[in-house]
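Participant: Give me a 3D structure for the following:
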Amino acid sequence: MTPAPRIETDRLVLRGPVADDVDGIIAFYADPVRSVGFGGVMPRDQAWRWFASVIGHWHLRGYGFWTITLKGSDAPIGICGIWNPDGWPEPEIGWIVYPDFEGRGIAFEAATAVRAHAYDVMGFTTLTSNIVPGNTRSVALAERLGATLERTYDNINMGTEMLYRHPGPAELAQ
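Facilitator: You can find the predicted model right below:
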């Protein structure tokens, strides 16, 4: 079993997901507007299974989604991490920030920390973010992170997606 390492930023702690974190994911998947970028609405039992797969992803791949918390609180405010289930074109950085915490730069801070950890500690040389057309907030964040649209492709679960390529370690060092 591969435990998720702890990552800290100025404001955040990214820690491994635990069973008590599931309610935020269930609420996220119940929202038809917010969940569209992750496959759309799911009933509670399916959202629970998706969350269980997030935990299993750590054990199968050695990386996955972290739970985002504010320093000084263990309450989940979102998730961010590296996702690469079977059928994905390559590892991607993904993010969800729960509604009460949007608009504070949390997704940017978390994604920046995840990318740095992936490059500096885990040895990744490239990462993408796969975004469904129309998800303008995720496109804006990917571009703020320096990612550029490389191509569209047919995702086995999501249909047409836009693949944004993040700058690699050498590009970020400049």
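
Participant: and the most centrally placed residue in the chain, which of the three is it?
Facilitator: Central residue of the chain (Cα atoms, centre = their mean): Gly94, 2.4 Å from the mean position. Following DSSP: H, G, I helix; E, B strand; the rest coil, the label given to Gly94 is strand.

Participant: can I assume it is in contact with Cys80?
Facilitator: Yes. Look at Gly94 against Cys80 with Cβ atoms under 8 Å: they come within range, at 7.0 Å. (Each C-beta comes from the backbone N, C-alpha and C, glycine too.)

Participant: Please enumerate the shared neighbours of these two.
Facilitator: Common contacts of Gly94 and Cys80 (Cβ atoms under 8 Å, 6 or more residues apart in numbering): Phe65.

Participant: rewinding a little: gap between the closest residue to the residue nearest to the centre of the chain other than its chain neighbours and Lys71?
Facilitator: In space, and not counting its chain neighbours, Gly94 is closest to Trp83: 5.0 Å by Cβ to Cβ, 6 or more residues apart in numbering. Computed as Cβ to Cβ, to the nearest Å, the Trp83 to Lys71 distance reads 25 Å.

Participant: which of the two has more neighbours?
Facilitator: Applying other Cβ atoms under 10 Å to Trp83 and Lys71 shows that Trp83 carries more neighbours, namely 20 against 10.

Participant: Beta-bridge partners for the more buried one, please?
Facilitator: Glu92 (DSSP bridges).

Participant: What residues does it make contact with?
Facilitator: Taking Cβ under 8 Å, 6+ apart, one finds His57, Gly64, Phe65, Pro91, Glu92, Ile93, Gly94 in contact with Trp83.

Participant: all strands of this structure, in order?
Facilitator: 7-8, 12-15, 65-70, 76-83, 92-97, 128-131, 148-155, 159-165 (DSSP state E).

Participant: Which one, of those strands, ends up nearest to Ala113?
Facilitator: Ala113 lies closest to strand 7-8 among the strands of the chain, at 5.1 Å (Cβ to Cβ).

Participant: Run through the neighbouring helices and strands of the lengthiest helix in the chain.
Facilitator: As assigned by DSSP state H, the longest helix anywhere in the chain is helix 44-61. Applying 3 or more Cβ pairs under 8 Å, 6 or more residues apart in numbering; DSSP states H and E, we find helix 44-61 packed against helix 22-30, strand 76-83.

Participant: so where is this protein shaky, pLDDT-wise?
Facilitator: Along the chain, the model assigns pLDDT under 70 to no residue.
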